[in-house]
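# Here is a sequence together with a model predicted from it:
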Amino acid sequence: MGGAERVAEAMHDSFPGAPMYTTVALPQSLPKRLRTADIRTSPLQHLPAIKTRFRHYFMLYPFAVEHFDLSSYDLIFSSSSGYAKGVRRRRNAIHVCYCHTPMRWIWRYDDYVARERFGAGARTLLPMALWGLRKWDLRAAKQPNYYIANSHLVAERIKKIYGREAHVIPPPIDVNRFHMSNDIEDYYLILSRLMPYKRIDIAIEACKRMNRRLVIIGDGPDRARLEKLGDDRIEFLGRQPDQIVNYYAARCRALLFPGEEDFGMAPLEANAAGRPVIAYRGGGAAETVIDGKTGLFFDEPDSRSLSTAIERFESMAWSQILLRRHAEKFDSNVFAFRVLQFLGSVAPASCTNELLSGARLLSLNVSKRVWPRLAVVG
């Protein structure tokens with residue numbers, strides 16, 4: 001479950017009667033709340049080895065999202081870090097896209113490929129394949145009527161690449177998933193998908209140099225490489241259920257956040273558990289971490305800069321209550337309320353009254369509403 005999936009989950013909570021369209025769904029990976037949703041997949045769902053090889057079919061996703069028939073819907077809300085914004089709508093329908101970032105692998109290609117383990121053949125062929133995908137992405141970017149960005153950084157990218165303005169609403173943090181603890185143990189924590197661009201290698205190198213214990217929760221294609229970098233004080237726990245994540249989040253000295261993310265939800269989740277963050281000063285973390293109050297920054301993307309920040313961190317004291325209150329500003333209910341208000345301001349007349357009523361009801365902690373003429377795409 002990454003940021004895009006959390007947004008889809010929050011939207012299902014707000015619109016439990018709306019169908020959810022997605023290219024591929026893996027039921028065993030979905031949280032319980034989404035397993036009961038009306039999820040409608042594309043023909044990609046039936047391709048060979050789609051569960052493990054879904055990235056290899058990247059050139060087919062444009063056709064998959066354009067395959068959906070959404071002609072019966074007045075309002076479409078998409079959650080997109082790549083393709084979902086390209087769904088087609090009828091002329092008088094409204095499409096609002098919650099954009100996590102313009103496609104990283106085509107618009108930040110050099111940065112993306114530098115940290116992926118592609119062979120020479122792939123590095124030769126990918127630019128040619130991505131040239132066509134870049135043209136499709138620019139065309140697809142015209143489909144939404146409105147954009148919502150998850151951070152000011154992403155809003156700037158949307159403006160630069162697509163020439164579109166975006167309203168900023170940070171993604172939802174399920175604060176109630178996390179509980180504070182007074183039993184703080186002697187380890188640092190990583191909560192992340194194990195991808196090369198996450199720069200978890202920086203955290204491993206810093207903790208090895210300083211002889212600090214590091215617990216890493218998450219899985220991904222970079223795990224084998226990272227395990228080779230570690231030693232007996234670096235623990236890889238793989239994917240874990242929420243209760244285990246909360247246990248480690250509430251008892252760590254701090255969360256380490258060494259990569260540059262478009263937003264980055266893990267720092268706020270650590271704050272919800274009453275723990276501070278040591279983050280690279282870049283990307284979305286610069287918008288959510290308050291230096292000296294909810295965490296510390298390091299300025300260079302290397303282990304020495306992180307080590308210096310860890311030394312500074314260990315001489316400071318932190319207020320769990322202040323950290324928790326900071327996270328509550330980004331809670332799921334706050335997200336849903338802001339999205340409902342925005343949708344209510346731009347939706348067709350057939351939806352406006354119900355959406356605005358939903359926003360008012362949500363402010364009174366009543367969020368379960370049904371709008372049958374709305375589709376969620378992600």
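Ah, there it is.

# contacts, neighbours, all on C-alpha from now
Fine.

# so how far is the first residue of stretch 189-196 from its last?
17 Å (Cα to Cα, to the nearest Å).

# How about stretch 173-184?
Note: stretch 173-184 ends 22 Å apart using Cα to Cα.

# any idea how far Ser29 is from Ile50?
13 Å.

# Same question for Lys51.
10 Å.

# if you count what's nearby, which of these two comes out ahead?
Lys51 (13 against 10; other Cα atoms under 10 Å).

# so that one makes contact with Gln28?
No: here Lys51 lies out of contact with Gln28, judged by Cα atoms under 8 Å, at a distance of 10.3 Å.

# Domains in this structure, by residue range?
Domain assignment for the chain by automatic domain parsing gives 3-102+141-172+331-377, 176-328.

# Confidence-wise, which of the ones you listed is weakest overall?
Comparing mean pLDDT across the domains of the chain, the weakest is domain 3-102+141-172+331-377, with a mean of 84.

# which ones are touching the closest residue in space to Val168 that isn't next to it in sequence?
Nearest residue to Val168, sequence neighbours excluded (Cα to Cα, 6 or more residues apart in numbering): Ala149, at 4.8 Å. By Cα atoms under 8 Å, 6 or more residues apart in numbering, Ala149 lies in contact with Tyr98, Cys99, His100, Thr101, Ala155, Ala166, His167, Val168, Ile169, Pro170.

# For the third one, give its distance to Asp302.
Applying Cα to Cα, the value for His100 to Asp302 is 26 Å.

# between these two, which one's more packed in?
Using other Cα under 10 Å, the more surrounded residue of His100 and Asp302 is His100, with 24 against 17.

# State the distance from the more buried one to Val65.
Where Val65 is concerned, His100 sits at a distance of 17 Å (Cα to Cα).

# Now do the strands in the protein.
With DSSP state E as the criterion, the chain has strands at 20-22, 39-41, 75-80, 94-99, 146-149, 167-168, 188-191, 214-217, 234-238, 254-257, 277-280, 295-298, 374-377.

# How about stretch 52-61, which residues are buried there?
Buried residues in stretch 52-61, counted by 16 or more other Cα atoms under 10 Å: Tyr61.

# measure that stretch end to end?
16 Å.

# roughly how far out does it sit from the chain middle?
Centroid separation for stretch 52-61 versus its chain: 19 Å, with Cα atoms, centre = their mean, to the nearest Å.

# just to revisit the earlier point, by neighbour count, which of the contacts of Ala149 wins?
Tyr98 leads the contacts of Ala149 on contacts (other Cα under 10 Å) with 29 neighbours.

# Now do the longest helix seen in the chain: which elements does it pack against?
For the chain, the helix reaching the highest residue count under DSSP state H is reported as helix 120-140. Under the contact definition 3 or more Cα pairs under 8 Å, 6 or more residues apart in numbering; DSSP states H and E, helix 120-140 sits against helix 104-107.
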